[in-house]
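# Fold the stuff below for me.
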Amino acid sequence: MGGMTQRIDLPALVPDVHRALVRLEQAAKKGLDPVVFELVKLRASQINHCAYCIDMHSKDARAAGETEQRLYLLGAWEEVPHLYTEKEQAALALTEAVTVLTDGFVPDAVYERAAKHFGEQELARLIGVLIAINGWNRWCVTSRTEAGNYEPGEHERPA
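Model prediction:
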């Protein structure tokens with residue numbers, strides 16, 4: 001797969017759609033713990049194999065103070081529960097269930113676990129963030145947005 005080049009410049013062609021995705025994510029993240037916000041975006045991006053978003057969210061998480069150890073082990077978070085709070089684990093379980101719908105619908109136990117750690121409004125926002133990041137992943141994977149050059153604070157999304 002090496003040497004892939006960008007197929008299409010979606011932000012230039014449909015800037016209104018791009019802005020709508022930006023607004024969705026900005027609205028959804030209000031009031032969410034910034035650590036949870038970055039962890040779930042990174043985990044969904046890992047599952048979706050979105051190199052651009054993995055690069056972006058790992059760098060943003062580091063810039064926000066996230067530890068290297070937690071970032072390196074995020075893909076195996078269930079194996080190292082002592083590194084993540086119960087709330088983070090509930091958010092990560094929900095992330096995986098929402099992202100991998102081909103395994104079936106979001107199980108009641110996963111949803112109830114998240115609902116135990118997030119208030120109703122916060123849970124609704126978390127679900128909004130998961131919808132947004134899965135949209136971003138599909139946007140970047142489909143267009144083959146180039147990965148590796150993102151710098152934290154550079155921009156909200158590929159422009």
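# pull the longest helix from this structure.
As assigned by DSSP state H, the longest helix anywhere in the chain is helix 120-143.
# avg pLDDT for that one?
The average pLDDT within helix 120-143 is 96.
# for stretch 55-63, same thing?
The average of the pLDDT scores along stretch 55-63 is 95.
# Could you list the alpha-carbon positions for it in PDB?
In PDB, the C-alpha atoms belonging to stretch 55-63 read as follows (Å, rounded to 0.1, in the frame of the first residue of the first chain):
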ATOM      1  CA  ASP A  55      -1.100  10.600  13.200                       C
ATOM      2  CA  MET A  56      -3.200  13.700  14.100                       C
ATOM      3  CA  HIS A  57      -4.800  12.400  17.200                       C
ATOM      4  CA  SER A  58      -1.700  10.800  18.700                       C
ATOM      5  CA  LYS A  59       0.100  14.100  18.200                       C
ATOM      6  CA  ASP A  60      -2.800  16.100  19.600                       C
ATOM      7  CA  ALA A  61      -3.000  13.700  22.600                       C
ATOM      8  CA  ARG A  62       0.800  14.100  23.300                       C
ATOM      9  CA  ALA A  63       0.500  17.900  23.000                       C
END
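# Show me what counts as buried in it.
Buried residues in stretch 55-63, counted by 16 or more other C-beta atoms under 10 Å: D55, M56, H57, S58, K59, D60, A61. All C-beta atoms are positioned from the backbone trio N, CA, C, and that covers glycine.
# cool, and stretch 7-22?
L10, P11, H18, L21, V22.
# where's the residue positioned nearest the centre of the chain relative to R113, distance?
Ranked by distance to the mean C-alpha position of the chain (C-alpha atoms, centre = their mean), the top residue is K41 at 1.4 Å. Separation of K41 from R113 (C-beta to C-beta, to the nearest Å): 19 Å.
# can you check R23 too?
For R23, the distance to R113 - C-beta to C-beta - is 29 Å.
# do Q69 as well
From Q69 to R113 the distance is 24 Å (C-beta to C-beta).
# Please say which of these two ends up with more neighbours.
With neighbours defined as other C-beta atoms under 10 Å, Q69 and R113 compare such that R113 has more, 19 against 10.
# and the more buried one, what is it in contact with?
For R113, the contact set (C-beta atoms under 8 Å, 6 or more residues apart in numbering) comprises A90, A93, L94.
# for the last one, what are its contacts?
If I follow you right, that is L94. V40, V106, V110, Y111, R113, A114, L126, I127, L130.
# Can you check the pLDDT for it?
L94 carries a pLDDT score of 98 in this model.
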